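Chemist: attaching a predicted model along with its sequence, questions to come.
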Amino acid sequence: MNKQELEKIKQKALEEHIPIIMDDTLEVIGTYLSNNKPSRILEIGTAVGYSAICFTEFLAENGVIDTIERDEERVKEAKVNIQLAEVEDRIHIYEGDAVEILPTLDNQYDVVFIDAAKGKYPFFLKQALRMISKEGIIFADNILYKGYVMSDYNKHKQRTAVRNLREYIKEVSENPNLETEILEVGDGLAISKIKILI
Ligand code: SAH
Ligand code: MG
């Protein structure tokens with residue numbers, strides 16, 4: 001798809017206040033993907049398909065993206081966008097709640113991109129670790145959640161989300177099989193590489 005059309009999808013999503021991937025976050029992930037040319041990507045949180053469409057550019061030949069979305073309207077719009085982008089053969093949408101869908105999947109993924117309900121990040125991590133390949137990488141977007149995760153502003157109404165994001169950071173940091181970096185790009189991005197233990 002040409003840049004102009006992709007830009008249109010992006011602008012429409014922004015106008016509708018759909019929290020699509022931020023440019024600097026996309027650049028970090030895109031750089032990794034273009035160096036590694038993954039065959040299989042799992043995305044949790046499709047929204048209108050913007051990030052998935054962007055990722056297709058970096059797939060290996062015949063590579064595919066499985067992506068999960070529970071909001072019916074967004075799924076509809078994602079399908080339209082994916083067709084416009086002519087990447088229907090690259091992106092498969094699972095419609096429904098990732099909490100229910102993930103346990104039914106049993107594929108190996110080179111990359112997992114977690115970008116959905118913040119309160120479920122520890123669960124998404126467990127599922128990602130079950131399916132990630134040996135040299136894979138797990139990205140988690142919005143990990144700093146507007147800075148709430150770093151502050152002691154506990155009364156915030158999103159405190160369940162904050163608690164679970166902190167739990168995610170703790171788990172990826174303490175897991176001996178992972179090498180994790182937290183970047184301040186966008187809304188915060190956690191990057192966890194699988195370490196091969198010899
Ligand atoms: N990755 C997209 C943005 C995703 S926004 C992009 O960058 O273009 C987060 C999306 O996750 C929302 O559309 C929301 O409906 C969806 N979502 C949140 N929790 C979910 C869950 N438990 N299962 C499936 N989808 C979920
Ligand atoms: Mg996000």
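Modeler: Looks like it arrived, so ask away. Residues are numbered from 1 along each chain as shown. Ligands and ions are numbered 1, 2, ... in the order given.

Chemist: what's the burial count for residue 162?
Modeler: 20 (other CB atoms under 10 Å). (Each C-beta comes from the backbone N, C-alpha and C, glycine too.)

Chemist: need phi/psi at it.
Modeler: Phi and psi for residue 162, reported as degrees, to the nearest 10, are phi -60, psi -50.

Chemist: check the gap between it and residue 135 for me.
Modeler: According to CB to CB, to the nearest Å, residue 162 and residue 135 sit 32 Å apart.

Chemist: repeat that for residue 29.
Modeler: Taking CB to CB, one finds residue 29 at 16 Å from residue 135.

Chemist: I'd assumed residue 26 was in contact with residue 189.
Modeler: No. Here residue 189 lies out of contact with residue 26, judged by CB atoms under 8 Å, at a distance of 10.1 Å.

Chemist: compare those two (neighbour count), which wins?
Modeler: Under the criterion of other CB under 10 Å, the comparison of residue 189 against residue 26 puts residue 189 first, with 24 against 20.

Chemist: for that one, what are its contacts?
Modeler: Contacts here follow CB atoms under 8 Å, 6 or more residues apart in numbering; on that basis residue 189 touches 25, 28, 29, 139, 140, 141, 143, 182, 183.

Chemist: and these, which two are furthest apart?
Modeler: The span of the contacts of residue 189, defined through CB to CB, is set by 29 and 182 at 14.2 Å.
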